[in-house]
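Participant: fold the following for me, if possible:
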Amino acid sequence: EDIRCKCICPPYRNISGHIYNKNVSQKDCNCLHVVEPMPVPGNDVEAYCLLCECKYEERSTTTIKVTVALLPLA
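Facilitator: The predicted structure is shown next:
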């Protein structure tokens, strides 16, 4: 939950755009590891993945929860 890879894939042919999230390591943060199920047939995978933008995100949900809890006190 605190570490994830987020891939934003725009519309491609007759497939609508989609956002994919998956808990993977930073080295596996790419379309081939995150986009499941793959919405295109095998011969279109490379072209589809080139359009997707994937980025690795780390966050601290504990810090977020404490900050949100303290906001009403400010």
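Participant: next, the residue nearest to Leu51 when sequence neighbours are not counted: phi, psi?
Facilitator: Leaving aside its chain neighbours, Leu51 sits nearest to Pro10 (5.5 Å; criterion: CB to CB, 6 or more residues apart in numbering). The C-beta positions use only the backbone N, C-alpha and C, and glycine is treated the same way. With angles defined as degrees, to the nearest 10, Pro10 sits at phi -70, psi 170.
Participant: what about Asn21, distance to Arg13?
Facilitator: Distance, Asn21 to Arg13, by CB to CB, to the nearest Å: 23 Å.
Participant: what's the neighbour count on His18?
Facilitator: By other CB atoms under 10 Å, 14 other residues sit near His18.
Participant: typo on my end, Val34
Facilitator: Neighbourhood size, Val34 [other CB under 10 Å]: 21.
Participant: bridged to the closest residue to Cys52 other than its chain neighbours, which residues?
Facilitator: Using CB to CB, 6+ apart and skipping the chain neighbours, the partner closest in space to Cys52 is Cys9 (4.0 Å). Cys9 forms beta bridges with His18, as assigned by DSSP bridges.
Participant: on that earlier part again, ok, the residue nearest to Leu51 - contacts?
Facilitator: Neighbouring residues of Pro10 by CB atoms under 8 Å, 6 or more residues apart in numbering: Gly17, Leu51, Cys52.
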